[in-house]
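Trainee: show me how the following folds:
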Amino acid sequence: MKVLVIHGPNLNMLGRRETSIYSTQTLAAIDEDLRKLAEELGIGLEALQSNHEGAILDAIHQAPANGITGILINPGAYGHTSIALRDALLAVGLPFVEVHISNTYAREEFRHKSYIADISSGVAIGFGPQSYLLGLRGLAEVIRRLS
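Mentor: Residues are numbered from 1 along each chain as shown. So this is what the prediction gives:
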């Protein structure tokens, strides 16, 4: 089992960006927590952060050839705007879980729509950085059921 973690646009600013919404935890700290949990769960883990939609799409397209069995994705704003992201996830056919640090339903109305939630294996939102860990646990279960 090998999971690709994708952090979308602006997530490289975690720890400095709107800390009242996104917490003071950095992306490096989140990745470290994910690595520890992945090790406990017996999962291989790769992480990517990009502010560029094309780089994210390329990583998704290459995932099956790289031995990835599932994707944990915080699409950031692309989740609310990108049909290309949806199409890429559908094209590769891997199970994936969408995560968001903030409760997108408690924010601006444009954040209430996700172009990928309905095709995901699950969504973990609103639990701060713990959303990632909840999402990884859920994704691991989905992958095990499919194996």
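
Trainee: per-residue pLDDT, Met147?
Mentor: Actually, residue 147 is Ser. It isn't Met. What the model reports as pLDDT for Ser147 is 87.

Trainee: what sits against it?
Mentor: Counting by Cβ atoms under 8 Å, 6 or more residues apart in numbering, Ser147 makes contact with Met1. Every residue, glycine included, has its C-beta placed from N, CA and C.

Trainee: residue ranges with poor pLDDT in the chain?
Mentor: The chain contains no residues with pLDDT under 70.

Trainee: in it, which spans are helices?
Mentor: With helices called from DSSP state H, the chain shows them at 19-22, 27-41, 53-62, 78-81, 83-92, 130-146.

Trainee: so which of the ones you listed gets nearest Thr69?
Mentor: helix 130-146 (5.3 Å; Cβ to Cβ).

Trainee: show the end-to-end separation of stretch 114-123, please.
Mentor: 10 Å (Cα to Cα, to the nearest Å).

Trainee: kindly report the same for stretch 67-85.
Mentor: One end of stretch 67-85 sits 20 Å from the other (Cα to Cα).
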